[in-house]
Each structure stands twice: as C-alpha cells, then as structure tokens.
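S.K.: Just to be clear, the model below is a prediction. Sequence and coordinates:
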Amino acid sequence: MRASLVDAFADEQYQGNPAAVIVTPEGFPSERRMQDIAGTLPVPTTAFVIPLSEDTYRIRWFTPEKELNVCGHATIATAWYLYEVVEIADSGRLEFRTQHGPLYTMRTGRRITVDIPRVTTSPWEPPAELADALGADIVNCERAADDVLLELESAEVIADLAPP
C-alpha cells in the first residue's frame, strides 16, 4: 500500500493543508488497519480511495484518532492526485461515494472545488472556555454530529485569531 502526501490549497510543496491519499483497488483494508495507518502518517487526514470507474470512487477519511464523516481538503487532495498522478481522463467532475452520501469535485483549469452535502446543524451552547481560548466573542454556535460551527463577528476577527 502506497501513501502519497498532497498539499491542498497550495501552489507549492509544504505550503498547504496536507493529506495522505491511498488508492486501494482491491477494497478498503479493515477499519482498524486504516486507523493504524492514519495514526502513523505525519498528516491531519488520510483518504482511502477505491476506484469504481474512471470518474467514480468510494472514499473514507481517517485522522490519527478517528474516522471522519467528511473531509473537504483531503477530498480535494484526492481529486488532484487522481488527475495529476494517476492521470485519469479530465472529465471535469468526479463523484466520491461516502458512507453519508455522494459528494463531487469539479476541475476547472488548475482549480478543484468540492461540493459537500449539506449537514443539518442545531443551536448549541459552547463552553465558556471556548471563547476564552479563541480570544473572541462567539456570535452564534451550531453543532452537527461531530462538528461545531462558530460564527464570529467578522473575517478580520477570524484572521486575527491567536489561540494559545
């Protein structure tokens, strides 16, 4: 099994958000094995991919600690890897089948975008320590299955965040 490290959101190596991409044509290894592999790689997320056709793939994402429901940057990294390294035909659109439904990437020139399915959230009261750790006021907070979505006052506040 070969892992390729890809930097998403970057034009140069070591400048983006890294992910590992592992193509497994014979099927996914056991969940335990995928978790162990992700735990040994020096990246935040590892994508395991099974080719189903030239433009359709099954995908699962693992951090060093757990499996994720979805991971945008690792999906973009996977699409880039398929186009640039595997050299699949540039159909423009790839379908990734996940345990939570399909998602799609589109390639236009050198840019790859991802269409992530909508996730329902509900209001959630964040712990007081969260605003303190961020050093910013939280305007709104919502929670999905295993994600927390924070709304802060402005893009400038977000850009200036310096949590300890």
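M.R.: Looks like it arrived, so ask away. Numbering: from 1, shown residues only.

S.K.: tally of neighbours for residue 121?
M.R.: For residue 121, the count of nearby residues is 14 (other C-beta atoms under 10 Å). All C-beta atoms are positioned from the backbone trio N, CA, C, and that covers glycine.

S.K.: Just read off the phi/psi values of the closest residue in space to it that isn't next to it in sequence.
M.R.: With sequence-adjacent residues excluded and distances taken as C-beta to C-beta, 6 or more residues apart in numbering, residue 121 is closest to residue 142, at 3.7 Å. Recorded main-chain torsions at residue 142 are phi -130, psi 160, according to degrees, to the nearest 10.

S.K.: List the contacts of residue 142.
M.R.: Applying C-beta atoms under 8 Å, 6 or more residues apart in numbering to residue 142 gives the contacts 121-124, 148-149.

S.K.: Likewise for residue 145?
M.R.: The neighbours of residue 145, taking C-beta under 8 Å, 6+ apart as the test, are 69, 119.

S.K.: any idea how far residue 100 is from it?
M.R.: Per C-beta to C-beta, to the nearest Å, residue 145 is found 9 Å from residue 100.

S.K.: which neighbours do those two share?
M.R.: residue 69.

S.K.: any chance you could map the helices in the protein?
M.R.: Taking DSSP state H to define them, one finds helices in the chain at 31-40, 72-84, 128-134, 155-159.

S.K.: Nearest to residue 107, out of those helices?
M.R.: Proximity to residue 107 (C-beta to C-beta) singles out helix 72-84 among these, at 6.2 Å.

S.K.: All set, thanks.
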